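A.B. asks: here is the input, now give the coordinates:
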Amino acid sequence: MTSTAQPPSSGARTAHPDHLGHVIFITASAAMGGFLFGYDSSVINGAVEAIRDRYDIGSATLAQVIAIALIGCAIGAATAGRIADRIGRIACMRIAAVLFTISAVGSALPFALWDLAMWRIIGGFAIGMASVIGPAYIAEVAPAAYRGRLGSFQQAAIVIGIAVSQLVNWAILNMAGGDQRGEIGGLEAWQWMLGVMVVPALLYGLLSFAIPESPRFLISVGRKDKARKVLSEVESKGVDLDARVAEIETAMHREHKSSFKDLLGSRFGFLPIVWVGIGLSVFQQLVGINVAFYYSATLWQSVGIDPAGSFFYSFTTSIINIIGTVIAMVLVDRVGRKPLALVGSVGMALALALEAWAFSADLVDGKLPQAQGVTALIAAHVFVLFFALSWGVVVWVFLGEMFPNKIRAAALGVAASAQWIANWAITASFPSLSDWNLSGTYVIYAVFAVLSIPFVLKFVKETKGKALEEMG
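C.D. replies: Next up, the predicted model:
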C-alpha cells in the first residue's frame, strides 16, 4: 500500500489578491495578444472588396486569400504550447509581437496577391500563438477567486481589437473619400487599414518586458525563488507562499511535459476531455460568428447598403460585441460558465433563424424589402450580443481551465488548432455559400447553434471556482 504526501493547503483557492491593480495590469498586458488577434482577424473586412477589385479575382480565390491566414493560425496554435513549455510564455509573446509587426508591414506593401497571402499566413501564425499563450498565461498567473473574470480579458481584448479595427477602417475610408482604393499618401486606403496594426504590435512587444514570467513555468525550470516572488505579487498576503509553491510543484511532479501522445486515448483517438475541448472550439466557430467580422461590410453591400453605411454597421456590431463581453465578464464567476453557454446557444439559434428568414426575401432594386432589411440588421446585432455574452468568453475560459495539468499545454494547442480549422472552413466557404443561397447559409449556422445545446448539457462540466490543480 502506498500513499502520496499532500502539501499543506496554501489558502489560495478563496484568497483575494492585495495588489489587484497590478494583477489586472499583468492580465491586460498579456491580453494585448488578444487585441491583435481581434484586430488582425477583423481588419481584412475593410479590404475585401478592394482586394477583389485590385487583383480582379472571383469569390473562391478571394475566400482563400481571406481565409489563408487561418492556416497559419492553426499551425501557430498547435505549436505554441510546446514552444511555451521550452522557452517560456513571455518569450512566446515577444516572438508573436515580432511576427505581427512583420505581417502588418508586408500586408500593407504587397508586390502581388501571392505575397499578400504569405504575409497573412505569418500574421496568422502569430495570432495562433497569441490565442494559446494568452489564456494559458492568464490562467496560470490569475488568483483562483478572480480567474474567470481575468480569463475573460482575452475575449474582451479580442472584441476591443475588432471594434478598433472597424473604427480605424471607417476613419481611413472617410479620409479616402469613401473609396477603399482611394489614395492617401501614395498608398491605397485598404493598405493603410492593414498597415496600422504595426502600432499595437509594437505595444504588445513592449508590454511583454513589463510583466513577469508564469510562476508555473519558473517552477518547471527550477527557479523557485523567482516563482515565489511572482506569486507574492499576484496572491493575497494571507497565502502561504511556500505551500503554494509546493502545491504547484506537487501537481507538476505528477506529470511530465505534455505532448501530443499524452492526449491519445484507447477507443476514440483523443481522450474524452480533449474531444470536449475540440467540440467547444468547433461549435464556437460553426455558428458563423466570424462571417460577421470578416465579411459584414461585403454582406451589407450585397443587400443594398452603401460602403460607408456598411462600415458603420460593422462598427456598431463591434460595439454590441464589447457590451456582450462585459456582461459575460460580470457573470462568468457568478452564474458559471455552463449556464452562460446554454443561454447564448438559445439566443444565437433564434437570431440566426431570423436572419435566415430575412435573407430569404427577393431583392427589390438591389435591396432587401424594408421589413426584412430591418430584421436582418437587428438579428445580426442580437446574434453577436448573445455570442459575446456566452461562447465568445466562456470557451476561452473553459480552455484555460478544463484540462488536467498533465496535458494542459498540448490539449489547449489541439483545441485552439481545431478552432482555427473550423474558422477557416466557415471563412473559406461563406462567399461561395452566399452566392448559392444566403438564407440557406444562415440556416446551417442556426442548426449548429441548436446542436451546441445538447453538447453542453451532456459533455461539458462546470469549472467555476476550482483551482487548476484540481482539474481532471
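A.B. asks: dump the helix or strand bottoming out on mean pLDDT in the chain to CSV, keeping only the CA atoms.
C.D. replies: Every helix and strand in the chain was compared by mean pLDDT, DSSP states H and E; the lowest is helix 296-302, with a mean of 72. This file holds the C-alpha atoms of helix 296-302, laid out as CSV (Å, rounded to 0.1, in the frame of the first residue of the first chain):
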residue,chain,number,x,y,z
SER,A,296,-20.1,42.1,-42.8
ALA,A,297,-19.2,45.1,-45.0
THR,A,298,-19.5,42.9,-48.1
LEU,A,299,-22.7,41.3,-46.8
TRP,A,300,-24.4,44.6,-46.2
GLN,A,301,-23.3,46.0,-49.5
SER,A,302,-24.7,42.9,-51.2
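A.B. asks: and for that helix, what's in contact with it?
C.D. replies: 45-46, 48-49, 291, 307, 309-311, 313-314, 317, 380, 434, 438 (C-beta atoms under 8 Å, 6 or more residues apart in numbering). To be clear about C-beta, it is placed using only N, CA and C from the backbone, and glycine gets the same treatment.
A.B. asks: now for the residues you listed: which two are most distant?
C.D. replies: G46 and L438 (21.0 Å; C-beta to C-beta).
A.B. asks: tell me which of those two has more neighbours.
C.D. replies: With neighbours defined as other C-beta atoms under 10 Å, G46 and L438 compare such that G46 has more, 26 against 19.
A.B. asks: the more buried one and R89: what is the separation?
C.D. replies: 32 Å (C-beta to C-beta, to the nearest Å).
A.B. asks: repeat for T27
C.D. replies: Applying C-beta to C-beta, one obtains 13 Å for the distance of T27 from R89.
A.B. asks: now do F359
C.D. replies: 43 Å.
A.B. asks: of the two, give the one with the bigger neighbour count.
C.D. replies: With neighbours defined as other C-beta under 10 Å, F359 and R89 compare such that R89 has more, 28 against 25.
A.B. asks: so that one sits against E213, correct?
C.D. replies: Yes. In this structure, R89 is within contact of E213 by C-beta atoms under 8 Å, at 6.4 Å.
A.B. asks: quick check: longest helix of the protein.
C.D. replies: Longest helix in the chain by number of residues (criterion: DSSP state H): helix 408-459.
A.B. asks: now do stretch 79-95: distance from first to last residue.
C.D. replies: Distance between the two ends of stretch 79-95: 13 Å, counting by C-alpha to C-alpha, to the nearest Å.
A.B. asks: pull out the buried positions in it.
C.D. replies: By 16 or more other C-beta atoms under 10 Å, the buried positions in stretch 79-95 come out as 79-85, 88-95.
A.B. asks: now, the residues you listed that are in helices?
C.D. replies: When those are checked against helices (DSSP H), the matches are 79-85, 89-95.
A.B. asks: what is the nearest of those to R54?
C.D. replies: Once C-beta to C-beta is applied, the member of these that ends up nearest R54 is I95, at 31.2 Å.
A.B. asks: residue boundaries of the helices in the stretch 251-400 of the chain?
C.D. replies: For the stretch 251-400 of the chain, the helices defined by DSSP state H, counting those that start in this stretch cover 272-286, 291-294, 296-302, 307-331, 337-359, 370-388, 391-401.
A.B. asks: could you tell me the least trusted of those?
C.D. replies: When those are ranked by mean pLDDT, helix 296-302 comes last with a mean of 72.
A.B. asks: got any ranges where the stretch 101-250 of the chain has weak pLDDT?
C.D. replies: 236, 238-239 (pLDDT under 70).
A.B. asks: give me that answer again for 90
C.D. replies: 111-115, 127-128, 130-163, 165-167, 169-170, 173-174, 176-183, 185-186, 211-250 (pLDDT under 90).
A.B. asks: helices of that one, start to end?
C.D. replies: 113-141, 147-151, 153-175, 189-195, 198-207, 215-220, 224-234, 241-253.
A.B. asks: of the ones you listed, which is nearest F403?
C.D. replies: Closest of the helices of the stretch 101-250 of the chain to F403 is helix 113-141, at 9.9 Å (criterion: C-beta to C-beta).
A.B. asks: give me every residue that touches the closest residue to E188 other than its chain neighbours.
C.D. replies: Using C-beta to C-beta, 6 or more residues apart in numbering and skipping residues adjacent in sequence, the residue nearest E188 is R181, 4.9 Å away. Contacts for R181 (C-beta under 8 Å, 6+ apart) come out as A50, D53, R54, E188, A189, W190.
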